[in-house]
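Asks: Just need the structure, nothing else, for what follows:
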Amino acid sequence: MTSAAEATESVTPRPRRHLEVGVFLFFLALYALSGPGRIDMIDGQYRFEVSWNLVESGRPIVRDVFLKARTGLDGARYSYYGPAASVAAAPLVALGYVFGGEDGELARFLFSFTSAVFAAGTLALLLHWWLRMGFSARKALAWTGVVGLATLLWPLATSTFDQGQHAFFILAAAYTGSRAVVEPNCKRWALLCGLCAGGLLLYQLTYAVVAPVLAISLLGERRPLDLRPAWPRLAIFAAAFAGCAALAGLYNTLRFGSPLDIGAIPGHPGFGNPIVGALGLLLSPGKGVLWFSPVMALQLWSLRHLLGAKPVLAATAIGVAACHFLLIASMTFYGGDWCWGPRYWVTTLPLLALGLPYLQFGSQARRWAARTLVGTGLLVQLAGLSMDHQGFFFAHALPPWFWTDTTFNFRHSQLAYRAHELRGLFTGEKPARTIPFRPGPYAALPTYCIFGTEPRISPEWMKDFPVFYVPRPWPLWMPRLPEESQPVPVVPAACVLVLVGALGSLQVRRGLRMTPPRAAGTLTAPDPDHTVQP
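Replies: Alright, predicted model coming up:
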C-alpha cells in the first residue's frame, strides 16, 4: 500500500468508465464467440420455453410437449424453475422472435448468450470495485483477466446453466451494501442491496439460506464495530428482501397454490452426505474445484489478506461462501451435473476473488507458483470449452441420477477423459452425416437441447451425432451444417462479435492512456470508500 498522498492519483471516473466499458465489451464478445450457440442442457430448454411464451403470449408456461412439466391450478403446464432466468433472457428471445422464424432457431441462438452478458457485467463490476478500492488500473485489469479467463466463470458464461447470473447478483449485493455504508444516499444503496440479494430467490428458493448473509456488507468497516448506524440500512435491506420473497411466493401460489411449491417432480433425490459432498467439491477427480479451477487456491489464500484490510467485506465473502458451500455439499447432486466441473462454485467465485489484488509475490518461487496456477487454470477452461460436456456421461452409460453413487466422482475424472475426447477429435472416427446434428425430438433444429437415451446403448448411440465429435464453439461447428440449417450467417455474425471485442480493447487502451502514470502502474492507493477509522 502507498501513502495517503498517492490516493489523489488513483483512477478518476472518466478513464475508469472507459476501462469498465471496455472490459464488458471484450468479455461479452469473447464469451459469445466461445459459446455453443445452442441450448446445451435441458435446464436451459425449460427456461427458454418459458421465456419464449412470455414474449409470445405473456404467460410463463410450458407448451413443448416433450418437456415434462406440472399442471398448475389454471390447467396450464409450468416448469419447476424460478422466473428470473427466463425474464432476464426475454430481451434476447424477443429479438429472435421478431427477426427470426417461427422455429425459434435465432431466438435459441441469442438465448444461449444470456449468461455471457451477466458474466461480462460481473467482470466489469469487479474491475470497478477494485478501482474504487484504490488498486492500480493495471493490477485491477490483470486480476480481472485472471478471473475472466482462468476460472470456471468462463465455461459457465457460455452455458445456459444460470450460475453465472447468480454470481452477478451476489457480487452486486455485496457491492451495493458496501456503498450504502459510505454514500450520503445510503437508503438507495441499501435498497439495491436487498433487491439484489432477494432477487436470487426468484432464481431458486434455496437461496433463502445464503442471501440474507449478504446483509453483513451493510455493517461498514469502522473499528471497533458500531452496529447502531447500521440498523436503518439493515431494515431497508430486510424490507426489500422480504418484498422479493413475497414475489417469489406469489408466483408459486398462482401456479400451484402454495408459496413453497415450485412444481418439482416428486422422486428426485435431494439431500445426501455433506462429508462426501465437501470432499467431492474440494478434492475429487470428478468434481474437485482445485482441479477445474486451480486459481481458487489463490482466491482462498487471498482472503486472509482481505480479512486484515477489510474485515467486514471479508466476513461477507466468507460467510456467503461458507453457507453456500454447506448447502451444495449436503446435496446428492453437489456437482450440478451434467456439466463441466462443479458449476455451483461459480455462484460465489467472483465474491471470493475480491482479495486477489492484495496478494504479493515477493520471491521467484511464489511468482512461479502463481503463474503455474493461472496458466493451468486457463488450459483447463479451454479444455472445457472445446467439446460438448455431455459426451463424457453418455460414453460411460450413466443413468439420469448417477450421482446417487457417492463414489463415482472419486473413481472417474471428466477432466482426464477430455484428453481422450480431444485426441478423438483429431484422430478418431466421426459421423459421416451432419443432420441430425444432435439427438432430440426436433431433428431439424440444431439449437435445441440434447435428449438422451437408454444408458445401456448410449456409448454406441452417441456415435450417430456430430455434436459429440466436433468443437463446441458455434463458429466452428455451425459451418458444418447446410446453410439452410444455420440459425445465423456464421461469418457476418462472428465478425460483428470480433468488432465488439476490438472496440472493448480500444476502450481499455484509451482508459489506460487517460489514467495518471502512477495510478496505471503497479502501485496501489488506499481505499477512498472504506477508510479505517480508529
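Asks: hey, let's count contacts and neighbours off CA atoms from now on
Replies: OK.
Asks: What's the separation between the spatially most central residue of the chain and A395?
Replies: The centroid of the chain falls nearest to G164 when counting by C-alpha atoms, centre = their mean (1.4 Å). Counting by C-alpha to C-alpha, to the nearest Å, the gap from G164 to A395 is 27 Å.
Asks: Quick one: low-confidence residue ranges for the stretch 1-150 of the chain.
Replies: Applying pLDDT under 70 to the stretch 1-150 of the chain flags residues 1-10.
Asks: Apply 80 and report the result again.
Replies: Applying pLDDT under 80 to the stretch 1-150 of the chain picks out residues 1-12.
Asks: Please enumerate the strands of this protein.
Replies: Secondary structure of the chain (DSSP state E): strands located at 70-71, 77-78.
Asks: Distance to V346 for those strands - can I get that in a markdown table?
Replies: Converted to a markdown table, those look like this (distance: least, C-alpha to C-alpha, whole Å):
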| stretch | distance to V346 |
| --- | --- |
| strand 70-71 | 29 |
| strand 77-78 | 27 |
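Asks: Quick one: closest of those strands to E484.
Replies: Of all the strands of the chain, strand 77-78 sits nearest to E484, with 32.5 Å by C-alpha to C-alpha.
Asks: any idea how far T332 lies from D405?
Replies: Per C-alpha to C-alpha, T332 is found 9 Å from D405.
Asks: Equivalent analysis for Y358, please.
Replies: When distance is defined by C-alpha to C-alpha, Y358 is 41 Å away from D405.
Asks: These two: which has the busier surroundings?
Replies: Taking neighbours as other C-alpha atoms under 10 Å, Y358 and D405 compare with Y358 leading, 17 against 10.
Asks: Wait, that one touches W301, no?
Replies: No: between Y358 and W301 there is no contact under C-alpha atoms under 8 Å: 10.2 Å.
Asks: residues near F361, how many?
Replies: Applying other C-alpha under 10 Å, we find 12 residues neighbouring F361.
Asks: W477 too?
Replies: Per other C-alpha under 10 Å, the neighbour tally for W477 reads 18.
Asks: For it, give its distance to G424.
Replies: 16 Å.
Asks: can you check A211 too?
Replies: According to C-alpha to C-alpha, A211 and G424 sit 43 Å apart.
Asks: Also G257?
Replies: G257 is 51 Å from G424, where distance means C-alpha to C-alpha.
Asks: Run a quick neighbour tally on the nearest residue to V289 once chain neighbours are set aside.
Replies: Nearest residue to V289 in three dimensions, chain neighbours excluded: L282, at 5.3 Å (C-alpha to C-alpha, 6 or more residues apart in numbering). By other C-alpha under 10 Å, 16 other residues sit near L282.
Asks: Check whether the residue nearest to the centre of the chain really touches F113, as I assumed.
Replies: No: between G164 and F113 there is no contact under C-alpha under 8 Å: 11.2 Å.
Asks: what's the overlap in contacts for those two?
Replies: Common neighbours of G164 and F113 (criterion: C-alpha atoms under 8 Å, 6 or more residues apart in numbering): A157.
Asks: which residues does the nearest residue to L54 once chain neighbours are set aside contact?
Replies: Distances taken as C-alpha to C-alpha, 6+ apart put P60 closest to L54, at 5.3 Å, once the chain neighbours are dropped. Residues near P60 by C-alpha under 8 Å, 6+ apart: 50-51, 53-54, 78, 83.
Asks: And P60, how far from G263?
Replies: 13 Å.
Asks: Mutual contacts of those two, please.
Replies: Taking C-alpha under 8 Å, 6+ apart as the criterion, P60 and G263 both touch Y78.
Asks: got a pLDDT number for T515?
Replies: Note for T515: predicted pLDDT of 84.
Asks: go on, the one 5 residues further on?
Replies: At A520 the predicted local distance difference test score is 63.
Asks: Show me where the stretch 301-450 of the chain has its helices.
Replies: 311-329, 349-352, 364-386, 391-395, 408-411, 414-427 (DSSP state H, counting those that start in this stretch).
Asks: tell me the mean pLDDT for the fifth one?
Replies: Per-residue confidence for helix 408-411 averages out to 94 on the pLDDT scale.
Asks: May I see the buried residues of that helix?
Replies: Within helix 408-411, the residues that qualify as buried are 408-410, counting by 16 or more other C-alpha atoms under 10 Å.
Asks: which one of the residues you listed is nearest W129?
Replies: For the buried residues of helix 408-411, the nearest to W129 is N409 (36.6 Å; C-alpha to C-alpha).
Asks: quick one: the closest one from A116, how far?
Replies: Distance from N409 to A116, by C-alpha to C-alpha: 28 Å.
Asks: try G148
Replies: Going from G148 to A116 by C-alpha to C-alpha gives 11 Å.
Asks: Mind telling me which of the helices of the stretch 301-450 of the chain the model trusts least?
Replies: Lowest mean pLDDT of the helices of the stretch 301-450 of the chain: helix 414-427, a mean of 90.
Asks: Show me what it packs onto, helices and strands only.
Replies: For helix 414-427, the elements it packs on are helix 364-386, helix 391-395, judged by 3 or more C-alpha pairs under 8 Å, 6 or more residues apart in numbering; DSSP states H and E.
Asks: Compare those helices and report which one is nearest to R510.
Replies: Ranking these by their distance to R510 (criterion: C-alpha to C-alpha) puts helix 364-386 first, at 26.5 Å.
Asks: For that closest one, name the packing helices and strands.
Replies: Contacts defined by 3+ C-alpha pairs under 8 Å, 6+ apart place helix 364-386 against helix 137-149, helix 153-157, helix 289-292, helix 414-427.
Asks: where's the shortest one relative to the chain centroid, distance-wise?
Replies: What separates the centre of helix 289-292 from the centre of its chain is 16 Å, taken as C-alpha atoms, centre = their mean, to the nearest Å.
Asks: Which elements pack onto it?
Replies: Helix 289-292 sits against helix 274-282, helix 296-309, helix 364-386, with contacts defined as 3+ C-alpha pairs under 8 Å, 6+ apart.
Asks: what's the answer for the first one, then?
Replies: Contact analysis of helix 137-149 by 3+ C-alpha pairs under 8 Å, 6+ apart lists helix 114-132, helix 364-386, helix 517-520 as its packing neighbours.
Asks: swap the cut-off to 10 Å and go again
Replies: Applying 3 or more C-alpha pairs under 10 Å, 6 or more residues apart in numbering; DSSP states H and E, one finds that helix 137-149 contacts helix 13-33, helix 114-132, helix 153-157, helix 349-352, helix 364-386, helix 490-514, helix 517-520.
Asks: Identify each buried residue in it, please.
Replies: Neighbour-count burial for helix 137-149, counted by 16+ other C-alpha under 10 Å, picks out 137-141, 143-149.
Asks: now swap in the longest one and tell me
Replies: Of the residues in helix 414-427, those buried under the neighbour-count criterion (16+ other C-alpha under 10 Å) are 414-415, 418, 421-422, 425.
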